[in-house]
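Peer 1: Show me how the following folds:
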Amino acid sequence: MSAYQVGKVLHDMQRNPQLAAEFRESREAVLARYDLTEKEKQAILAGNVRFLFEEGVHCMVLISSSRLLGLDMEQFVTALRPLAAA
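Peer 2: Presented below is the predicted three-dimensional model:
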């Protein structure tokens, strides 16, 4: 997995409202523009922030992207909470 590529797509969507709007309309089409593995695409599409965090995507990038991924803050925290106990 390339944490850099995942971080890049999430960062690009944060900085570019048009890209974020395109993502909301056609997620797969936007992700196809980036050099992502199938696992990375599926994790982004599923909003699997735990997997992305475990694979090295910075927590702050994930927090700021959580709404784009379809998660509210409670869902985000719940997904990562088991890692705090480890």
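Peer 1: which residues touch the residue nearest the centre of the chain?
Peer 2: Centroid check for the chain by Cα atoms, centre = their mean gives residue 44 as the closest residue, at 4.6 Å. Residues counted as contacts of residue 44 (Cβ atoms under 8 Å, 6 or more residues apart in numbering) are 6, 9-10, 27, 31, 36, 52, 69. For glycine as for every other residue, the C-beta is placed from the backbone atoms N, C-alpha and C.
Peer 1: rerun that using 10 Å as the cut-off
Peer 2: Neighbour list for residue 44: 6, 9-10, 13, 23, 27, 30-31, 34, 36, 51-52, 57, 65, 68-69 [criterion: Cβ atoms under 10 Å, 6 or more residues apart in numbering].
Peer 1: same deal with residue 3?
Peer 2: Residue 3 makes contact with 40, 52-53, 55-58, 61, according to Cβ under 10 Å, 6+ apart.
Peer 1: Show me which of those residues is closest to residue 19.
Peer 2: The closest of the contacts of residue 3 to residue 19 turns out to be residue 61 (Cβ to Cβ; 15.1 Å).
Peer 1: who's in contact with the one helix or strand the closest one maps to?
Peer 2: Using DSSP states H and E, residue 61 sits in helix 59-65. Contact with helix 59-65 is made by 3, 6-11, 13-14, 20, 44, 47, 49-50, 52-53, 57-58, 69, 71, 73, 76-77, 79-80, 83, as judged by Cβ under 10 Å, 6+ apart.
Peer 1: got the buried residues for the helix or strand just after that helix?
Peer 2: Downstream of helix 59-65, the first helix or strand assigned by DSSP H and E is helix 73-85. Neighbour-count burial for helix 73-85, counted by 16 or more other Cβ atoms under 10 Å, picks out 76, 79-80.
Peer 1: Could you do stretch 21-41 as well?
Peer 2: 23, 27, 30-31, 36, 40-41.
Peer 1: for it, the distance to its chain's centre please.
Peer 2: 10 Å (Cα atoms, centre = their mean, to the nearest Å).
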